[in-house]
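Structure, please.
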Amino acid sequence: MSIPNWRDALLETDGAQIKDAAAALDRSALQIVLVVEADNTLVGTITDGDIRRALLKGLPLEAPASDIAKGEPLVVTGDVPGEAVLTIMAANRIRQMPIVDDQRRVVGLHIRDEVHARTLARPNTMVIMAGGKGTRLRPHTENCPKPMLPVGGKPMLEHIIERAAAAGITRFLISIHYLGHMIEEHFGDGSRWGVAIDYIREDSPLGTGGALSLIEERFDAPILATNGDVMTEVNYGELIDFHALHRASATMAVRSHEMRNPFGVVLTSGIDLTGFEEKPVIKSHVNAGIYVIEPSAMEHLTKGEHCDMPTLFERLRAAGGRTIVFPLHEAWLDVGRPEDLEQAREQKQAEAQTANAPAPAPAAPS
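Okay, the predicted model is just below:
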């Protein structure tokens, strides 16, 4: 389904000037102009940034709009579901996407925020563990809880909530302890982000599983849980779907980790030397701090008792439940040390620069 006023973004290429594109941007307030032929065949797109870059280069407002239009923009047909549209937009860091027919005629326009609103909300609740003191990150955490440390201009916790909301999750529980009032003051009830947020208040750190034990309500859908200091590009919806597909009691996201032995290894059988392996690489999976658990798993927790997630997984396995792993290939970073925080900030800065970089100039004709 397209937004209703998409036609306000259309601009016929014949005779159109840059100033006409600017007027179209103002008229539609959609932050994009769709440059079309007379029959609505898409020629290209123009954004506010394209116009500003043209002016910086010295192009007059009377120059042809086609001079700054980006040809071959990403498009979709009207039968592509909202979830797929959001995935394409996120992967390409775009906020608008034209809808075309099989003749590449424009028949509508997707706006990312509107697609979010139309995408069916998932029934899952996300629980975020944000109560730790972050002692390894001092002095950054002396007056700020670790999940509220800014990365890319906003708290880490805000990145987590926005990514989960993009996957259709609208209900959040945040476990707080150290400087928890700062988290509550910033996020409130979540309405600013279009979600609902409540809080679990720990009198003392209880571990991930222990914090879950304080939840009074009972759930009808799997619970997504994450540490509040994990920066990742994972699609939370795909993680939940993977858990459901494999009918697991609990799923743990894991990250591949490699460690090189600095020594040559001697292979033996008893006292017999059987070979050598020069500085071998040991590969393993490490806990990524993101989980999906069935509501029935809560029965294996005692209210107010400390319990970490590996312990809960062991209890579920002992009870005959199926516990599985979800291997991450997406970007992931556990922000536990000052160097991790700096790395996260550098990554977000690089992403922002890439997203805002002007398109490369077309090659000069030979």
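
so what's Thr13 up against?
Val35, Val36, Glu37, Val43, Ala65, Ser66, Ala69 (Cβ atoms under 8 Å, 6 or more residues apart in numbering). The way it works is simple: take the backbone N, C-alpha and C, and place the C-beta from them, glycine included.

now the helices for the chain?
Secondary structure of the chain (DSSP state H): helices located at 18-28, 48-56, 82-92, 112-118, 156-166, 180-187, 207-212, 236-245, 309-318, 338-356.

Could you find the closest non-adjacent residue to Gly264?
Spatial nearest neighbour of Gly264, excluding adjacent residues (Cβ to Cβ, 6 or more residues apart in numbering): Glu278 at 4.9 Å.

how close does that neighbour sit to Val265?
8 Å (Cβ to Cβ, to the nearest Å).

quick one: which of the two has more around it?
Higher neighbour count among Glu278 and Val265: Val265, with 13 against 8, using other Cβ atoms under 10 Å.

quick one: the more buried one and Ile282 touch, right?
No - using Cβ atoms under 8 Å as the test, Val265 is too far from Ile282 to be in contact (9.9 Å).

where does Asp189 land on pLDDT?
Note for Asp189: predicted pLDDT of 91.

That one - nearest residue in space that isn't next to it in sequence?
Using Cβ to Cβ, 6+ apart, the closest residue to Asp189 is Ile197 (5.8 Å).

what do you get for Phe263?
Nearest to Phe263 is Lys279, by Cβ to Cβ, 6+ apart, at 6.8 Å.

thinking the residue nearest to Gly264 is in contact with Leu267, fair?
No - counting by Cβ under 8 Å, Leu267 is not a contact partner of Glu278; they are 11.3 Å apart.

Please list all residues in contact with His306.
Pro205, Leu206, Gly207, Gly210.

go on, Ala21?
So Ala21 contacts Leu11, Val33, Val35, Ile46, Ile51, Ala65, Ile68 (Cβ under 8 Å, 6+ apart).

Give me the distance between it and Thr302.
Counting by Cβ to Cβ, the gap from Ala21 to Thr302 is 64 Å.

what does Gly82 give?
With Cβ to Cβ as the criterion, Gly82 and Thr302 are 41 Å apart.

more crowded one of these two?
More crowded of Gly82 and Thr302, by other Cβ under 10 Å: Gly82, with 17 against 10.

what about Asp203, neighbour count?
Quick note: Asp203 (other Cβ under 10 Å) scores 8 neighbours.

likewise the one 3 residues further on?
Counted by other Cβ under 10 Å, the residues lying close to Leu206 total 24.

Pull the contacting residues for it.
By Cβ under 8 Å, 6+ apart, the contact set of Leu206 is Ser213, Leu214, Gly304, Glu305, His306, Cys307.

wouldn't the first one be in contact with Leu301 here?
In other words, Ser213. Yes - using Cβ under 8 Å, Ser213 is in contact with Leu301, at 3.9 Å.

so what sits against both of these two?
Contacts common to Ser213 and Leu301, judged by Cβ under 8 Å, 6+ apart, are Cys307.

on that earlier part again, looking at the contacts of Thr13, point me to the pair that's furthest apart.
Glu37 and Ala65 (12.9 Å; Cβ to Cβ).

Have a look at the two and say which one is more surrounded.
Ala65 (26 against 14).

which one is that one nearest to, not counting chain neighbours?
Closest to Ala65 by Cβ to Cβ, 6+ apart is Ala16, at 4.2 Å.

hmm, back to that, can you tell me which of the helices of the chain is most buried?
Of all the helices of the chain, helix 207-212 has the most neighbours on average by mean count of other Cβ atoms under 10 Å, namely a mean of 24.

Would you mind checking the average pLDDT for that helix?
Averaging pLDDT along helix 207-212 yields 83.

what do you get for stretch 265-284?
Per-residue scores along stretch 265-284 average to 82.

now Asp272: how far from Asn261?
For Asp272, the distance to Asn261 equals 21 Å [Cβ to Cβ].

more neighbours, those two?
Asn261 (12 against 7).

Show the contacting residues for that one.
Lys279, Pro280, Val281, Ile282.

Glu342 versus the spatially closest residue to Thr135 that is not a sequence neighbour, what's the distance?
Counting by Cβ to Cβ, 6+ apart, Thr135 lies nearest to Thr141, which is 7.3 Å off, once chain neighbours are set aside. Between Thr141 and Glu342 the computed distance is 14 Å (Cβ to Cβ).

And for Met309?
Distance from Met309 to Glu342, by Cβ to Cβ: 27 Å.

Going along the chain, name the strands of the stretch 101-250 of the chain.
Remark: strands assigned in the stretch 101-250 of the chain by DSSP state E, counting those that start in this stretch are 106-111, 122-129, 150-151, 154-155, 169-176, 196-201, 223-227, 230-232, 250-260.

tell me which strands and helices the first one is in contact with?
What it means is strand 106-111. strand 33-36, strand 96-100 (3 or more Cβ pairs under 8 Å, 6 or more residues apart in numbering; DSSP states H and E).

May I have the shortest one exported as PDB, CA atoms only?
Just to be clear, that refers to strand 33-36. Output of strand 33-36 as PDB, limited to C-alpha atoms (Å, rounded to 0.1, in the frame of the first residue of the first chain):
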ATOM      1  CA  VAL A  33      11.000  14.000  -6.100                       C
ATOM      2  CA  LEU A  34      10.100  11.300  -8.700                       C
ATOM      3  CA  VAL A  35      11.200  12.500 -12.100                       C
ATOM      4  CA  VAL A  36       9.000  10.900 -14.700                       C
END
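
Okay then, goodbye and thanks.
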